[in-house]
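Enquirer: Fold the following, please.
(one chain, ligands or ions: 1)
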Amino acid sequence: MIRLDNISKVYTRGARPALDGIDVEIERGDFVFLVGSSGSGKSTFLKLVLREERPTSGDIWVAGRHLNRLSSWRVPHLRREIGAVFQDFRLLPNKTVYQNVAFALQVIGKSKRDIQQNVPEMLELVGLAGKERRLPHELSGGEQQRVAIARAFVNRPPILLCDEPTGNLDPGTSVGIMRLLDRINRTGTTVLMATHDDEIVDQMRKRVIELKGGQLVRDQDRGVYGLETV
Ligand SMILES: Nc1ncnc2c1ncn2[C@@H]1O[C@H](COP(=O)(O)OP(=O)(O)OP(=O)(O)O)[C@@H](O)[C@H]1O
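Expert: Coordinates of the predicted model:
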């Protein structure tokens, strides 16, 4: 589903690479934590998958596409295959919960009928039924993140990328968000989550990929956060 083949990324010529010779294969349905201290290259990894950045060298495939050869006009099609969730939620502040999720379908041209069917289903899945008419500022942080997840997943993409999704949440709320991501993963969705949340990683026991100074230093099944990254 995601494959990086000897990928390096150098932002500034002469500077240390942000990613340095990364080889990774993530299969359909995997749940992967991407860990590493600040500056180790996690965001760069996610940006390459989203095609927000391009590699300096090496090959990358995402959802059956060879991104090195993907023309710019096809990038929106790639992005439909990838739901993205961020630490700061990124909801539209003047739209209701329902409208925030519906908007994701409107922009890709889905019919009214599709929208009316899928949005309530998705809000039910994330546990927000009954809160459709609230505005983001009328929700708790955990609820806002649930809206963001509903929006990312409403068109059922095969890949969900999460960049520190629990970074602004307290531990109890974070556990709820992780249960939801786990449920989504069990539907067959590939989940790739960059995080500093050691408790969550240690609880979930999923595959852990650790970056250090742009290099892949650990790829462990049923892994833990690890001492070095604390
Ligand atoms: N647009 C950019 N231009 C130049 N250098 C960059 C750019 N983005 C990232 N870098 C550098 O690349 C390296 C990796 O950064 P990256 O943001 O991928 O790390 P990270 O692991 O996501 O860090 P954090 O946990 O703090 O988000 C860092 O040295 C950073 O300064």
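
Enquirer: Wait, residue 2 touches residue 22, no?
Expert: No: assessed by Cβ atoms under 8 Å, residue 2 is found out of contact with residue 22, at 11.3 Å. Yep, even glycine has a C-beta here, placed from its N, CA and C like the rest.

Enquirer: Tell me who's in contact with the residue nearest to the spatial centre of the chain.
Expert: Nearest to the centroid of the C-alpha atoms of the chain, with distances taken as Cα atoms, centre = their mean, sits residue 161, at 1.4 Å. Contacts for residue 161 (Cβ atoms under 8 Å, 6 or more residues apart in numbering) come out as 46, 49-50, 82-85, 192-193.

Enquirer: Can you list the buried residues in the longest helix anywhere in the chain?
Expert: Ranked by number of residues, the top helix in the chain under DSSP state H is helix 171-186. Buried residues in helix 171-186, defined by neighbour count with 16 or more other Cβ atoms under 10 Å: 173-178, 180-181, 184-185.

Enquirer: near the ligand, which residues of the protein show up?
Expert: Selection of the chain residues close to the ligand by Cβ under 6 Å from any ligand atom yields 11-12, 18, 36, 38-44.

Enquirer: Please identify which of the contacts of residue 161 is nearest to the ligand.
Expert: Using Cβ to the nearest ligand atom, residue 46 is the member of those that lies nearest the ligand, at 7.8 Å.

Enquirer: and that closest one, what does it touch?
Expert: Residues counted as contacts of residue 46 (Cβ under 8 Å, 6+ apart) are 34, 161, 163, 192, 194.

Enquirer: In terms of helices and strands, where is it?
Expert: Residue 46 belongs to helix 42-50 when elements are defined using DSSP states H and E.

Enquirer: and that helix, how far out from the chain's middle?
Expert: 10 Å (Cα atoms, centre = their mean, to the nearest Å).

Enquirer: quick one: low-confidence parts of the protein?
Expert: Across the chain, residues meeting the criterion (pLDDT under 70) sit at 227-230.

Enquirer: related to what we said a few turns ago, I'd like to know which elements the longest helix of the chain is packed against.
Expert: When contacts are defined as 3 or more Cβ pairs under 8 Å, 6 or more residues apart in numbering; DSSP states H and E, helix 171-186 sits against strand 31-35, helix 141-153, strand 159-163, strand 190-194, helix 198-204.
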